[in-house]
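Novice: Coordinates only, no sequence provided:
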């Protein structure tokens, strides 16, 4: 709710600034005209380039900085930070490209009974680290209908996605001759129990290709500067590659802990659904 308030506040500031900054169009460039407004903004024309980014992380940083909350500063490189580029083939159409990235690095822990102690109050810690990287690259074609400073946009993107996942597990209780079934966390059920075999790592990745028709709006609050958003509906085919899982167990005859690595099969899938770059508010600059 707080983030929504910040977004609305920033947007209101842009609109208010635009209403007072009555600068006539000059030096070429298409003009955003309106019979009720005694001035016109220069807007993109044939041959112009545009570059933009998702303004939501920046809005969150500004908003949380004023409230003393630094969570958004720590997370500014997560959850689909996206950049966008356009080249105007004509005043009303463009080719475009986009790049979005999502990085996750999280560590979870669970306290379990220390098998080497005689007290139920003595605990050790198991850890689960989750690391993932995903990227979406898009190339598309865009058309627009212009009404003053409001431009409606529509078109289609061809999307390519790449994802890599890596999970690692470490345990507080070690295997040993006196402890062949150490108490360990089962991270699927989030419960601790004695075990003679436990997972220590697993990894896999995926590749996808899709088509994304979209519609959206750009509002030009300044000369060649716009803020807007869009929503699309993606049709995606995805291939999950074969992965590897490593587990460890104790060999009492040799008094050693053995790590066993086995492959597991990937999959193929087709899916459809809304895709809007995680609710991006797109700030664009044209030159």
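Specialist: Nice, thanks for sending it over. Keep in mind that what you see is a predicted model, and the values were worked out from it rather than measured. Numbers count the residues shown, from 1 in each chain.
Novice: buried sites along whichever strand or helix holds residue 233?
Specialist: The secondary structure element spanning residue 233 is strand 225-240 (assigned by DSSP states H and E). Across strand 225-240, burial judged by 16 or more other Cβ atoms under 10 Å covers 225-230, 232, 234, 236, 238, 240. Every C-beta, even on glycine, is put in place using the N, C-alpha and C of the backbone.
Novice: what do you get for stretch 173-185?
Specialist: By 16+ other Cβ under 10 Å, the buried positions in stretch 173-185 come out as 173, 175, 181-185.
Novice: Now flag whichever of those residues is closest to residue 208.
Specialist: Using Cβ to Cβ, residue 185 comes nearest to residue 208 of those, at 32.1 Å.
Novice: gap between that closest one and residue 195?
Specialist: Residue 185 sits 9 Å away from residue 195, taking Cβ to Cβ, to the nearest Å as the criterion.
Novice: Residue 238 too?
Specialist: The spacing between residue 238 and residue 195, counted by Cβ to Cβ, is 33 Å.
Novice: Residue 108 now?
Specialist: 18 Å.
Novice: The two: which is more packed in?
Specialist: For residue 108 versus residue 195, neighbours defined as other Cβ atoms under 10 Å are more numerous around residue 195 (17 against 13).
Novice: residues touching that one, list them.
Specialist: Residues in contact with residue 195 (Cβ atoms under 8 Å, 6 or more residues apart in numbering) are 181-184, 186.
Novice: Where do the strands of the stretch 101-250 of the chain begin and end?
Specialist: All strands of the stretch 101-250 of the chain, identified by DSSP state E, counting those that start in this stretch, fall at 123-147, 150-170, 183-186, 191-194, 197-222, 225-240, 243-251.
Novice: Low-confidence ranges, the stretch 151-287 of the chain, go.
Specialist: Residues of the stretch 151-287 of the chain meeting the criterion pLDDT under 70: 277-278.
Novice: Dig out what the closest residue to residue 210 other than its chain neighbours forms beta bridges with.
Specialist: On the basis of Cβ to Cβ, 6 or more residues apart in numbering, the spatially nearest residue to residue 210 that is not a chain neighbour turns out to be residue 236, at 3.5 Å. The residues listed as beta-bridge partners of residue 236 by DSSP bridges are residue 210, residue 271.
Novice: So residue 236 is in contact with residue 158, correct?
Specialist: No: with contact defined as Cβ atoms under 8 Å, residue 236 does not reach residue 158; the gap is 11.1 Å.
Novice: Identify the contacts common to these two.
Specialist: With the criterion set as Cβ under 8 Å, 6+ apart, the overlap between the contacts of residue 236 and residue 158 is 209-210.
Novice: circling back to that earlier point, report the distance from the strand holding residue 233 to the chain centre.
Specialist: Distance of strand 225-240 from its chain centroid, counting by Cα atoms, centre = their mean, to the nearest Å, is 12 Å.
Novice: elements contacting it?
Specialist: Taking 3 or more Cβ pairs under 8 Å, 6 or more residues apart in numbering; DSSP states H and E as contact, the helices and strands that strand 225-240 lies on are strand 150-170, strand 197-222, strand 267-275, strand 282-286.
Novice: and it with strand 150-170, angle?
Specialist: 40 degrees (axes from the mean of the first three to the mean of the last three Cα atoms, to 10 degrees).
Novice: returning to that earlier point: dump the helices and strands packed on strand 225-240 to CSV, plus distance to residue 92 and mean neighbour count.
Specialist: Shown next, in CSV, are the helices and strands packed on strand 225-240 (distance: least, Cβ to Cβ, whole Å; neighbours: other Cβ atoms under 10 Å):
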stretch, distance to residue 92, mean neighbour count
strand 150-170, 9, 17
strand 197-222, 12, 18
strand 267-275, 24, 11
strand 282-286, 14, 20
